[in-house]
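S.K.: Any chance you could fold what I've pasted below:
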Amino acid sequence: MSDIKPTLLWLRRDLRLSDHPALRAALRAGGPVIPVFIHDDTVAGLGAAPKWRLGLALEHLGKSLEAKGSRLILRRGDALEVLRDLVRQTGAGAVHWSRLYDPDAVARDKAVKAALKEDGVETSSHAGHLLFEPWTVETKEGGYYKVYSPMWRAVKDREIPSPLAAPSDLSPPDTWPASDDLADWQMGAAMNRGAGICLPYQQVGEDAAQDRLAWFTEESIDRYKTRRDLPGIDGTSNLSENLALGEISPAQCWHAGMRAMHEGAAGAEHWVKELVWREFAYHLIYHTPQIATRNWREKWDDFPWNEDGNTAEVIAWKQGRTGIPFVDAAMREMYVTGRMHNRARMIVASYLTKHLMTHWRIGQAWFDDCLTDWDIASNAMGWQWAAGSGPDAAPYFRIFNPETQLEKFDPEGNYSRAWIVEGYDSPSKTALSYFDAIPRSWDLSPNDAYPAPVVSLSEGRDRALSAYQDRSF
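M.R.: Numbering: from 1, shown residues only. Sure thing, here's the model as predicted:
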């Protein structure tokens with residue numbers, strides 16, 4: 001074994017072995033590499049579903065590392081103090097990690113880098129979570145993009161480095177530092193009985209992500225543009241959970257999409273555009289970090305939204321009991337699968353913020369708790385886009401009609417039948433699963449009658465339009 005000092009590989013949302021620049025850099029140092037994941041405040045603050053899904057990812061990655069003769073060291077505590085402790089215990093001379101871009105992660109990582117450098121420890125952060133580092137994408141005037149389409153045109157012809165293969169030798173140390181037991185972290189505790197219902201819908205780990213990408217690009221991407229808005233069919237890649245946790249890299253997705261496009265797949269370019277939509281969300285959260293917590297457009301700060309998350313209307317929305325089938329089916333899909341179809345996300349967000357005149361932060365927080373594919377940038381931008389307070393949201397006064405949207409995108413009623421029990425003589429197993437996944441405290445039963453609308457669509461629309469009148473946004 002080399003006498004070169006060990007290197008710590010601080011893993012966060014890059015839970016894979018292939019196309020991992022930070023891992024490759026750590027290996028190039030020539031000494032032992034010690035992978036570590038830290039349960040710090042950013043992990044403790046996760047909602048029930050994303051924390052549980054992260055636990056599944058860590059368990060899978062740990063097994064993958066062990067199969068290659070390595071390990072995943074788990075520690076709990078302040079990131080800087082944990083890293084300092086590991087440096088003392090292992091004699092490590094360097095720490096490598098993949099960059100993140102949300103304000104909390106940026107602040108933490110800057111503080112860690114500065115402190116470790118003062119300690120004489122080499123630190124290096126690497127790309128990998130995005131296709132384009134946010135500071136490398138600028139308008140002709142030198143600022144950041146506030147609208148998606150020109151950003152797409154600016155990056156669509158850029159060269160993206162070919163993905164890196166997984167290394168065959170992970171350079172393990174002769175002796176390992178102590179590790180926490182993942183089970184002691186109880187990552188799924190807040191999911192309660194919902195975990196067992198949700199588990200079959202997760203595609204956990206790098207291998208599952210790669211298999212899904214291969215299937216999608218070979219079998220489905222050609223029809224993606226025409227099928228992506230149909231919630232009742234399997235028409236999307238379903239890779240959002242894997243991208244969120246870094247079980248697959250955006251570069252791997254980009255190259256697969258580009259290859260399909262060059263082979264003539266009609267829907268490939270549209271799918272690649274969705275990868276750049278994700279980039280746009282991170283571009284915005286990096287340059288305007290307030291998007292995560294405040295109205296991106298300050299003129300919306302005095303808009304008369306309801307900010308009480310416990311009104312009868314909001315509770316009905318949370319429970320999938322609004323009396324509006326598209327909204328209710330979407331919310332129930334989320335409780336059973338941990339995900340929600342993108343068209344449905346737009347509908348439920350528009351309904352909450354416009355028909356129910358409720359602040360987007362209430363919906364954002366609920367999704368933060370319930371989505372296994374939770375992504376801080378995409379969730380923040382998506383909610384503000386739907387509410388009208390965010391970038392690229394014109395026309396802000398657009399109000400989706402859930403009834404006509406369901407008729408257009410689910411004309412045969414597949415989505416409704418899949419997720420709604422009430423009114424069907426022989427309800428689907430997926431629809432019945434909703435009652436097994438939700439909290440018992442909701443006291444809901446498949447025998448309950450389907451509720452009347454908490455607000456009529458016309459009344460809700462008129463209420464929102466009235467609030468928009470005479471306002472200069």
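
S.K.: In space, not sequence, find me the middle residue of the protein.
M.R.: For the chain, the residue sitting closest to the mean C-alpha position, by C-alpha atoms, centre = their mean, is Asp375 at 2.6 Å.

S.K.: Quick check: closest non-adjacent residue to that one.
M.R.: The shortest distance from Asp375 to any non-neighbouring residue, by C-beta to C-beta, 6 or more residues apart in numbering, is to Ala244 (4.4 Å). From N, CA and C alone the C-beta is placed, and that goes for glycine too.

S.K.: That neighbour against Asn379, yeah?
M.R.: No: applying C-beta atoms under 8 Å, one finds Ala244 not in contact with Asn379, separated by 9.7 Å.

S.K.: Could you pull up the residues touching the residue nearest to Asp375?
M.R.: Under the criterion of C-beta atoms under 8 Å, 6 or more residues apart in numbering, the contact partners of Ala244 comprise 13, 50, 373-375.

S.K.: Now distance to Thr90, pLDDT and secondary structure too, for these, in JSON lines please.
M.R.: Below are those laid out as JSON lines (distance: C-beta to C-beta, whole Å; pLDDT from 0 to 100; DSSP: H, G, I helix; E, B strand; the rest coil):
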{"residue": "Arg13", "distance to Thr90": "23", "pLDDT": "97", "secondary structure": "coil"}
{"residue": "Pro50", "distance to Thr90": "30", "pLDDT": "98", "secondary structure": "helix"}
{"residue": "Asp373", "distance to Thr90": "34", "pLDDT": "97", "secondary structure": "coil"}
{"residue": "Trp374", "distance to Thr90": "32", "pLDDT": "97", "secondary structure": "coil"}
{"residue": "Asp375", "distance to Thr90": "32", "pLDDT": "97", "secondary structure": "coil"}
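
S.K.: which among those residues gets closest to Tyr434?
M.R.: Proximity of those to Tyr434 was ranked by C-beta to C-beta; the top entry is Asp373 with 18.5 Å.

S.K.: From what I see, that closest one and Glu241 are in contact.
M.R.: Yes: using C-beta under 8 Å, Asp373 is in contact with Glu241, at 3.9 Å.

S.K.: Overlap in contacts, the two.
M.R.: 53, 338-339.

S.K.: count of neighbours near the residue nearest to Leu46 when sequence neighbours are not counted?
M.R.: Once flanking residues are discounted, Leu46 sits nearest to Leu54: 6.7 Å by C-beta to C-beta, 6+ apart. Per other C-beta atoms under 10 Å, the neighbour tally for Leu54 reads 23.

S.K.: Now do the SS call for Leu54.
M.R.: helix (DSSP: H, G, I helix; E, B strand; the rest coil).

S.K.: Surely the residue nearest to the centre of the chain touches Ser240?
M.R.: Yes: with contact defined as C-beta under 8 Å, Asp375 counts as touching Ser240 (7.1 Å).

S.K.: Distance of Trp360 relative to Glu407?
M.R.: Applying C-beta to C-beta, to the nearest Å, the value for Trp360 to Glu407 is 26 Å.

S.K.: and these two? which has more neighbours close in?
M.R.: Counted by other C-beta under 10 Å, Trp360 and Glu407 do not tie: Trp360 has more neighbours, with 23 against 12.

S.K.: So which bits of stretch 179-190 are buried?
M.R.: Going by neighbour count (16 or more other C-beta atoms under 10 Å), the buried part of stretch 179-190 is 182, 185, 187-188.

S.K.: low pLDDT regions in the stretch 1-150 of the chain?
M.R.: Across the stretch 1-150 of the chain, the ranges flagged by pLDDT under 70 are 1-2.

S.K.: hey, where'd the strands end up in it?
M.R.: Applying DSSP state E, counting those that start in this stretch to the stretch 1-150 of the chain gives strands spanning 7-11, 33-39, 73-76, 94-98, 122-126.

S.K.: Tell me which of the ones you listed lies nearest to Ser168.
M.R.: That would be strand 33-39 among the strands of the stretch 1-150 of the chain, by C-beta to C-beta, at 13.2 Å.

S.K.: if you average pLDDT over stretch 224-236, what comes out?
M.R.: Averaging pLDDT along stretch 224-236 yields 94.

S.K.: how far does that stretch sit from the chain's center?
M.R.: On the basis of C-alpha atoms, centre = their mean, to the nearest Å, stretch 224-236 sits 19 Å off its chain's mean C-alpha point.

S.K.: Ok, stretch 71-86 next?
M.R.: Taking mean C-alpha positions (C-alpha atoms, centre = their mean), stretch 71-86 and its chain are 25 Å apart.

S.K.: And the residue nearest to Asp375, its phi and psi?
M.R.: Main-chain dihedrals, Ala244, degrees, to the nearest 10: phi -60, psi -40.

S.K.: check contacts around Gly47.
M.R.: Gly47 makes contact with 190, 368-371, 374 under the criterion C-beta under 8 Å, 6+ apart.

S.K.: go on, Pro453?
M.R.: When contacts are counted by C-beta under 8 Å, 6+ apart, Pro453 touches 322-324.

S.K.: before we move on, what about Thr311?
M.R.: By C-beta under 8 Å, 6+ apart, the contact list for Thr311 reads Thr358.

S.K.: related to what we said a few turns ago, just the buried members of the contacts of Gly47?
M.R.: Buried subset of these (neighbour count, 16+ other C-beta under 10 Å): 368, 370-371, 374.

S.K.: how about those residues in CSV, adding distance to Gly413?
M.R.: Converted to CSV, those look like this (distance: C-beta to C-beta, whole Å):
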residue, distance to Gly413
Asp368, 31
Cys370, 25
Leu371, 25
Trp374, 29
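
S.K.: want to try JSON lines for the residues you listed, with distance to Gly142 and secondary structure as columns?
M.R.: Output for the buried ones among the contacts of Gly47, formatted as JSON lines (distance: C-beta to C-beta, whole Å; DSSP: H, G, I helix; E, B strand; the rest coil):
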{"residue": "Asp368", "distance to Gly142": "34", "secondary structure": "helix"}
{"residue": "Cys370", "distance to Gly142": "39", "secondary structure": "helix"}
{"residue": "Leu371", "distance to Gly142": "35", "secondary structure": "coil"}
{"residue": "Trp374", "distance to Gly142": "33", "secondary structure": "coil"}
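
S.K.: List the buried residues of stretch 23-43.
M.R.: Neighbour counts over stretch 23-43 (16+ other C-beta under 10 Å) mark 23-27, 29, 31-40, 42-43 as buried.

S.K.: An error on my part: the question was meant for stretch 459-473.
M.R.: Using 16+ other C-beta under 10 Å as the test for burial, stretch 459-473 gives 460-461, 464.
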